[in-house]
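Participant: Okay, sequence plus prediction incoming.
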Amino acid sequence: PRIHALDFCIMKVHVFIATTQGPIAVQRVVAEEPDVQSVVCVDGGIEPLPISSRYHDFVRKGTGLIQRDFGQPAYRMDVSGRIDQGNSWQLPTYMAHHLSSEGLLGEGEPEAGDAVIWATGALKADKSVITVEEVYNKLQSSQALFESLWQKKIPVLVLVPAADEGALERWRAEVKDDVLVSALLSCQAVENIEPSLVALDSFIHRGE
C-alpha cells in the first residue's frame, strides 16, 4: 500500500524499536552516498553502533531488503539509544524506511495528531517476519511510553511476529490498566511485511 501525508490528517508517524531496556525511537533515516557503509548512530553522533554492520547488510541489495525496495544503496539511521545486538530491530527499521519514503516519518517525539508504531521482529529475505526473544518483557518495559502516549491521545500500533502472538496475548491479559488496552492501542501479530503495511494503512485510516 502507498500512503501519503496529504491523504489524511495524521501529521507524522513515529517508530519505536522495542528492547528489554525500553523503547528506542528512530529519529531519522537519511540516504548516503553509494560508496559508504550504512550506519546506525545515536542522536546524530559520529560513533557507529555495533549493529551497523548488520544494518549495512540489511540495506544492501543481495543480502538485504532496503535498497531493493527503496532504491538507495546506503543510509544513515539515527536512534535515541544504543542497540548493541540481535535482529529484532529489522521490522521496525523497515517500517521506518517505508514511512520515510512517504514523507511521514516522525523524529521520535510524538505530539497530538501524530501516531506511533511500536514493533519488534526479525526479517528474512522473502520478507517473512520471524520470532524474536523477550517480546513479553519488551512490552512490559514500554508501559511508561504507552501511558504517556495515552495521556496525549496518540494512537499506537503494536507489531510483533505471528510466532510470538502468545507473548502479546499474555501481556494483554495481564494488563490491569485500561490505559494499555484502550481503543488507542491496536495490536497485530504478522507473518510478513505486506500484512504489516496493510495494518499500518488501516491503522492510519481508521475511522475515516
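Facilitator: The structure has been received and is ready for your questions.

Participant: average pLDDT across the helix or strand containing Q188?
Facilitator: When secondary structure is defined using DSSP states H and E, the element that contains Q188 is strand 185-190. On average, the pLDDT along strand 185-190 is 90.

Participant: strands paired with that strand, and their directions?
Facilitator: In the sheet containing strand 185-190, the strands it pairs with under DSSP bridges are strand 156-161 (parallel).

Participant: Restrict the partner strand to CA atoms and write it as CSV.
Facilitator: Extracted C-alpha coordinates of strand 156-161, given in CSV (Å, rounded to 0.1, in the frame of the first residue of the first chain):
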residue,chain,number,x,y,z
VAL,A,156,-0.3,3.2,18.9
LEU,A,157,0.1,0.3,16.5
VAL,A,158,1.9,-2.7,18.1
LEU,A,159,3.5,-5.2,15.6
VAL,A,160,5.0,-8.5,16.7
PRO,A,161,5.9,-11.7,14.8
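
Participant: And the next helix or strand past that strand?
Facilitator: By DSSP H and E, the next helix or strand past strand 156-161 is helix 165-174.

Participant: Report all helices and strands that that following helix contacts.
Facilitator: Counting by 3 or more CB pairs under 8 Å, 6 or more residues apart in numbering; DSSP states H and E, the packing neighbours recorded for helix 165-174 are helix 135-141, strand 156-161, strand 185-190. Every residue, glycine included, has its C-beta placed from N, CA and C.

Participant: Can you give the distance of the second one from its chain's centre?
Facilitator: Same thing as strand 156-161. Its chain's average C-alpha position is 8 Å from that of strand 156-161, according to CA atoms, centre = their mean, to the nearest Å.

Participant: quick check: angle from that strand to helix 165-174?
Facilitator: Taking axes from the mean of the first three to the mean of the last three CA atoms, to 10 degrees, one finds that strand 156-161 is oriented at 140 degrees with respect to helix 165-174.

Participant: ok so, going back, relative to H98, which of the helices and strands packed on helix 165-174 is closest?
Facilitator: The closest of the helices and strands packed on helix 165-174 to H98 is strand 156-161. By CB to CB, the value is 12.1 Å.

Participant: what is the rounded mean pLDDT of the closest one?
Facilitator: Confidence for strand 156-161, expressed as mean pLDDT, is 96.

Participant: rewinding a little: relative to E174, which of the helices and strands packed on helix 165-174 is closest?
Facilitator: Checking the helices and strands packed on helix 165-174 against E174 by CB to CB gives helix 135-141 as the closest, at 8.9 Å.
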